[in-house]
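**Student:** coordinates only, no sequence provided:
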């Protein structure tokens, strides 16, 4: 079993910054990639940023230039630095592990979600 523990959400004013963290724990042989998704009220869950543990990254167009995803391989942890936040960034942010960390098979693991609210 794998658990994903997120932290770092909260309330921030427009233009502010937040840093989200997500640590994977449990039975882990190898993690090759992790991602952040978000879901705003009344909307579908969307991919925000994706990172492979060899350093490749991918971002949603709406966050390019403002958000940065990074990973600490040794800690099985992924981070999302969010700068220049906008009210439309308000959502529940979910950490995602897209492959089983033992078998490597395609399987989604999700964190419990952390609320990010951007408001004055």
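**Tutor:** Nice, thanks for sending it over. If you're wondering where the values come from, they're calculated on a predicted model, not measured in any experiment.

**Student:** now do the SS call for the spatially most central residue of the chain.
**Tutor:** By Cα atoms, centre = their mean, the chain has its centre lying nearest to residue 36, at 2.5 Å. Classification of residue 36 by DSSP: H, G, I helix; E, B strand; the rest coil places it in strand.

**Student:** so it touches residue 57, yeah?
**Tutor:** No: between residue 36 and residue 57 there is no contact under Cβ atoms under 8 Å: 11.0 Å. All C-beta spots, glycine's among them, are computed from the backbone N, C-alpha and C.

**Student:** quick check: neighbours shared by the two?
**Tutor:** Common neighbours of residue 36 and residue 57, using Cβ atoms under 8 Å, 6 or more residues apart in numbering, are 49, 50, 69.

**Student:** and the first one, that's in a helix?
**Tutor:** No: going by three-state DSSP, the assignment for residue 49 is strand, not a helix.

**Student:** distance check, it against residue 55.
**Tutor:** 13 Å (Cβ to Cβ, to the nearest Å).
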